[in-house]
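Student: prediction below, plus the sequence it came from.
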Amino acid sequence: MKYSRTGFLAYRLSFSFPFVLKMLFMMTVLTLFGGGIGYGQPQGELATDILNNRNSRAAEVFSLKRVRSRYDKERIVRSADVPIVFKDGILFTYLDSDKSVLAKRNDHDHLYVSGSFVDWRVKTRFIQNAAGIYTAFVKINLPAATYTYRFLKDNVWRNDPNQFYTERDRYGRPISAFILTEPLADFKVSPTRNDRGLYTFYLADNGYTNVAWLGTANVWNIEKDPMVLKDGYWRIKKYLRQDEPYYLFLVDGKFLLDPLNINVAYSSFYEEVSVVPDKDYFTNLP
């Protein structure tokens, strides 16, 4: 049987096209799953160990979904609410219904909060975030108690429109208030970082017997980095690379997030893990 030149070319293409697809598929599978032996690739058990370690590290990294740092608390607020208590202070929020006036007058430059938590001696200025909410974060140590406060707007003291709980001021008038049920007086940031890049992690003692630090820096080894109890805090010092930010505490056999670090990521292995802030955070601390 004779084929024309065009017909023969079409026949060859129809024959080779499925074959090419199969070859591309096999090459893709081998690439994704680490198959195939390339030039200079280690052989035998050493190669297996290297590949297993690489795949394990890759699985660990990709199982972590970084979430927005909770130190950006002022930015992520989307609505005005009652004061929000954090471990290191209190966040006040405010939304003015007359946005056009605010836009023209930059009214946030004339909006402050003060209260009994600073003996009314200090005013903290509000800053508007991207959602149009005015926020003022007061970083402070406080004992558990009831505190009163007001907003200063246009040189007039006003109650918080979102806070229905009030006390009475010295003139018998209602004044905004909040109740702090747990003290903030013993707050410490964990970890801290010195100029040489040495991190110190803290965990307040609560009758613990054995405490260890584990994370990406020690390949989650529960025995490598025991912490030492000193002055009521378990402590450890570590140098960390930029790609080693994730960690947990092992406290008497149970995994624990760092309660003094509000930066968290999610992991398929431990559900949540603490995250060391980047060095710029420590540089910009007030």
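Tutor: Now that the structure is in, tell me what you want to look at.
Student: per-domain residue ranges of this structure.
Tutor: 77-180, 192-283 (automatic domain parsing).
Student: let me have these in JSON lines, extended by mean pLDDT and mean neighbour count.
Tutor: For every residue, glycine as well, the C-beta is placed using N, CA and C. As requested, those are arranged in JSON lines below (pLDDT from 0 to 100; neighbours: other CB atoms under 10 Å):
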{"stretch": "domain 77-180", "mean pLDDT": "83", "mean neighbour count": "16"}
{"stretch": "domain 192-283", "mean pLDDT": "84", "mean neighbour count": "15"}
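Student: so V273 bridges to which residues?
Tutor: Beta-bridge pairing for V273 (DSSP bridges): A265.
Student: what residues does it make contact with?
Tutor: L64, G215, Y246, Y247, L248, L257, V264, A265, Y266, S267 (CB atoms under 8 Å, 6 or more residues apart in numbering).
Student: any idea which helix or strand carries the fourth one?
Tutor: Spelled out, that is Y247. Here Y247, judged by DSSP states H and E, is contained in strand 246-251.
Student: what residues does that strand touch?
Tutor: The contact list for strand 246-251 (CB under 8 Å, 6+ apart) reads 64, 201, 203, 208, 210-217, 222, 227, 234, 255-258, 265, 267, 270, 273-276.
Student: 7 Å instead?
Tutor: 64, 203, 208, 211-216, 222, 255-258, 265, 270, 273-276 (CB atoms under 7 Å, 6 or more residues apart in numbering).
Student: likewise for stretch 206-220?
Tutor: Here stretch 206-220 has contacts from 201, 203, 221-222, 224-227, 234, 236, 238, 240, 244, 246-252, using CB under 7 Å, 6+ apart.
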